[in-house]
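>>> sequence plus predicted model, see below.
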Amino acid sequence: MTDVLASEWLKLRSARSTWYILGVVVAFVLLMAGFAFYVVSLWEGMPPERRAGLRAAQPEQVVLLPLQICAAVLGVLTITSEYATGMIRSSFVAVPRRGAVLAAKAAVVAAATLVVGQASVFVTFFASRAIAGDRPIRDFAPTLIGELPKMLATGLSPMVLALVGLGLGAVLRSTAGTVASVVALLYVVPRFAVALPDPWNARVGSVLPEDLTRQLAGEAPMAVDLGSSDSAIGLSPPMALAVMALYVVVALGAAAAVLGRRDVR
Amino acid sequence: MVRRAAGPPYGTLDGMIEVKELTKRYGAAVAVDGLSFQVTPGLVTGFLGPNGAGKSTTMRVLLGLDAPSSGEGLVNGRRYATIRHPMHEVGALLDANAVHGGRSAFDHLRCLARSNRIGARRVAEVLEQVGLAGVARKRAGGFSLGMRQRLGIAAALLGDPGVLMFDEPVNGLDPEGVRWIRHLMRSLAAEGRTVLLSSHLMSEMALTADRLVVVGRGRLITETSVQDLADRFERGVLVRSPRAAELTAVLEAAGATVLAEPDGGLAVKGLEVAEIGDLAAGHGLAVHEVTPRSASLEEAYMELTGDSVEYRAAGGSGAGGDRQGTGR
């Protein structure tokens, strides 16, 4: 298994797409620094009595959206690029245990997206606070200790999406189809869920990836937050984590079942 | 390159490829239909048949990519999928395009090699061997089909395996490349390895293979040596003469078999053109035509595969001396 892991790690590192995706992530982290400078300049330009009323999104939360998409695309490409190029046949001839190949891909993708996800969130946090300096900007004020659960949850969700993308990619085999499916699951389905009648808006939303990240951080589902649903609905952080894990298990389980049965074209 | 002594002993099955009653259906289409044959070490075995005869499907089953509908394909006595580090036992080139174009040739091989505990030094060695050392760091996506074939062959050689399978390896190669492959196949077999080489080109096989497994429509047409196939389709010399009856007697007296054809020509076997000419001249018999008609291997192949069902019905493996008129 270590040989297969090492091989998949080499594959991940030697694919140009991996570095393009990492480049996009770095660009968004830099963009968040720019955003922090912008908030600071807004604050500086305000009359002192209005500064306390300045509201700004937290950069380490804003960066989540591109992080999730990048991670999902990386997970999808890990398998669909092999189907698209035919490399999958070379891979399975070299390692006929298809489950081992899938597990190794999952492990290296999980490790890479977890490290990059957490690193991006924390770098964004520290960079934006350093840029804000000692200015008491309200949304930049919470301490690291207070923000830690939310940041860890945020940093975890790209990995979840990468693994869901990998599993779906193995089932669907098409890059475009899988990326579209994952993005729909991530951003399109939640918008429809919010529009459902109360209490189904929060019930459905609470098990979708976007709200799972919020609930893992101890926040209410989006529909509750928007005031359109009962605040009693929602999952506790451990439950949210369990549902996230279920997504991964179902996606990778389906992938393993399909890979074992299907001829490799 | 010498065949490695390391590796578990497989007794008499070492190096054997066995296809047993293999059938593969894709939906309603039957790609391989009850195919059985064996490939033995030390020879280049040509796997020959028209496009769509089931050659690639058979190889895909042998390599564990496709599950057989029934029957099985074994390498060294076991199913490929059960081999732990298969590149050390079996090397295969299925499809030269089975490469991620974004990786360099070196990285592509390195990824495959690492999964089978093969080091980077060996990767450099095989790149040297196939003549791609100079472009090792170039992206495989920019390679010509011929270069990809070489890259695929390099991948097959990585583990220094005793069994090698190549699916249409000469496609896309220039004449120099074709000669190189021919030489490589022959030397791999000379080292005692098992070499199975598929092609739809008889002319290529005539120069490269020792044995032939000929398939058509998913079924075995014949398993034979190249020499036997040539002999089987030996059709003698066509002779026309205004004094056919006398000439027949003369030729038969000299030991030939002579068959009168419907249009008045004589099919003569057992004598060369020059001998026939000399005999005719010696007896004062005029001849109007003396044409050697020994079918080329290409023609033999076309005839074999042109209507595989008919040949199967005629007995398949039978010696064909009296069958030259089959069909038309």
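Ah, there it is.

>>> ok, now which ones touch the residue nearest the centre of chain A?
Geometric centre of chain A, nearest residue: A:Pro158, 2.2 Å, by Cα atoms, centre = their mean. Neighbour list for A:Pro158: A:64, A:67-68, A:70-72, A:113-114, A:116-117 [criterion: Cβ atoms under 8 Å, 6 or more residues apart in numbering or on different chains]. In this view, the C-beta of every residue, glycine as well, is placed from N, C-alpha and C.

>>> any idea which helix is longest in the chain?
In the absence of a named chain, this looks at chain A. helix A:98-132 (DSSP state H).

>>> looking at chain B here, not the other one
helix B:175-190.

>>> what's the closest of the contacts of A:Pro158 to B:Phe37?
For the contacts of A:Pro158, the residue nearest B:Phe37 by Cβ to Cβ is A:Ala72; the value is 47.3 Å.

>>> related to what we said a few turns ago, can you pull the phi and psi angles for the residue nearest to the centre of chain A?
Per-residue torsions, A:Pro158: phi -60, psi -40 (degrees, to the nearest 10).

>>> would you mind measuring from it to chain B?
Distance of A:Pro158 to chain B, given as Cβ to the nearest Cβ, to the nearest Å: 22 Å.

>>> just A:Phe122 next, same as before
Distance from A:Phe122 to chain B, by Cβ to the nearest Cβ: 30 Å.

>>> what's next to stretch A:2-16, contact-wise?
A:18, A:77-78, A:81, A:94-95, A:97, A:100-101, A:103-105, A:107-109, A:112, B:85, B:100, B:102-104, B:107, B:110-112, B:114-117.

>>> which residues touch B:Gly277?
Counting by Cβ under 8 Å, 6+ apart, B:Gly277 has contacts B:287, B:290.

>>> quick check: phi and psi at it.
The phi/psi pair for B:Gly277 (degrees, to the nearest 10) is phi -60, psi -50.

>>> likewise the one 10 residues further on?
Dihedral pair for B:Val287: phi -120, psi 140, per degrees, to the nearest 10.

>>> list the contacts of it.
Per Cβ under 8 Å, 6+ apart, neighbours of B:Val287: B:239-241, B:247, B:276-277, B:280.

>>> may I ask which of those has the most neighbours?
Highest neighbour count within the contacts of B:Val287: B:Val239, with 27 neighbours (other Cβ atoms under 10 Å in any protein chain shown).

>>> on the three-state scheme, it is what?
strand (DSSP: H, G, I helix; E, B strand; the rest coil).

>>> right, and it touches B:Gly264 too?
No - at 10.4 Å, B:Val239 does not count as touching B:Gly264 under the criterion of Cβ atoms under 8 Å.

>>> got the phi and psi for the residue lying farthest from the centre of chain B?
Distance to the chain centre peaks in chain B at B:Gly284, reaching 47.0 Å (criterion: Cα atoms, centre = their mean). The phi and psi values for B:Gly284, taken as degrees, to the nearest 10, are phi 70, psi 30.

>>> do you know how far it is from chain A?
69 Å.

>>> before we move on, the earlier item: which of the contacts of stretch A:2-16 are buried? Put it as a PyMOL command.
Buried residues among those (16 or more other Cβ atoms under 10 Å in any protein chain shown), as a PyMOL selection:
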select buried, (chain A and resi 18+77+78+81+94+95+97+100+101+103+104+105+107+108+109+112) or (chain B and resi 100+102+103+104+107+110+111+112+114+115+116)
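
>>> check whether stretch A:250-265 comes into contact with chain B.
Yes - against chain B, stretch A:250-265 shows contacts by Cβ under 8 Å from any Cβ of the partner chain at A:263-264.

>>> which residues touch that stretch?
A:79, A:88-89, A:92, A:98-99, A:101-102, A:106, A:163-164, A:166-171, B:60, B:65-67.

>>> immediately after the longest helix of chain B, which helix or strand?
strand B:194-199 (DSSP states H and E).

>>> what lies in contact with the helix or strand just after that next one?
Once strand B:194-199 ends, the next helix or strand along the chain (criterion: DSSP H and E) is helix B:202-208. Applying Cβ under 8 Å, 6+ apart, the contact partners of helix B:202-208 are B:44, B:46, B:48, B:170, B:178, B:181-182, B:185-186, B:197, B:199, B:212, B:226, B:297-298, B:300-302.

>>> filter the residues you listed down to the buried ones, ChimeraX style.
Buried subset of the contacts of helix B:202-208, written as a ChimeraX selection, criterion 16+ other Cβ under 10 Å:
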select /B:44,46,48,170,178,181,182,185,186,197,199,212,226,297,300,301
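
>>> low-scoring stretches of the stretch 1-150 of chain B, by residue?
By pLDDT under 70, the weakly predicted segments of the stretch 1-150 of chain B are B:1-13.

>>> spell out which parts of it neighbour chain A.
Checking the stretch 1-150 of chain B against chain A by Cβ under 8 Å from any Cβ, the hits are B:60, B:63-67, B:80-83, B:85-87, B:92, B:94-95, B:97-104, B:107, B:110-112, B:114-117.

>>> let me see the backbone angles for B:Val170.
phi -90, psi -10.

>>> ok, so what distance separates the closest residue to it other than its chain neighbours from B:Gly146?
Spatially, and ignoring its direct neighbours in sequence, B:Val170 is nearest to B:Val178 (5.1 Å; Cβ to Cβ, 6 or more residues apart in numbering or on different chains). In this view, B:Val178 and B:Gly146 are 9 Å apart by Cβ to Cβ, to the nearest Å.

>>> show me where the chain has its helices.
By default, I'm working from chain A. For chain A, applying DSSP H gives helices covering A:2-14, A:16-45, A:59-62, A:64-85, A:87-94, A:98-132, A:144-172, A:175-183, A:189-195, A:200-205, A:209-216, A:222-225, A:237-261.

>>> the chain in question should be chain B.
Using DSSP H, helices in chain B cover B:55-62, B:105-115, B:120-129, B:145-157, B:175-190, B:202-208, B:226-232, B:244-253, B:273-282, B:297-306, B:308-313.

>>> reformat these as CSV; add distance to B:Glu18.
Shown next, in CSV, are the helices of chain B (distance: least, Cβ to Cβ, whole Å):
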stretch, distance to B:Glu18
helix B:55-62, 9
helix B:105-115, 26
helix B:120-129, 27
helix B:145-157, 20
helix B:175-190, 18
helix B:202-208, 21
helix B:226-232, 21
helix B:244-253, 47
helix B:273-282, 44
helix B:297-306, 23
helix B:308-313, 21
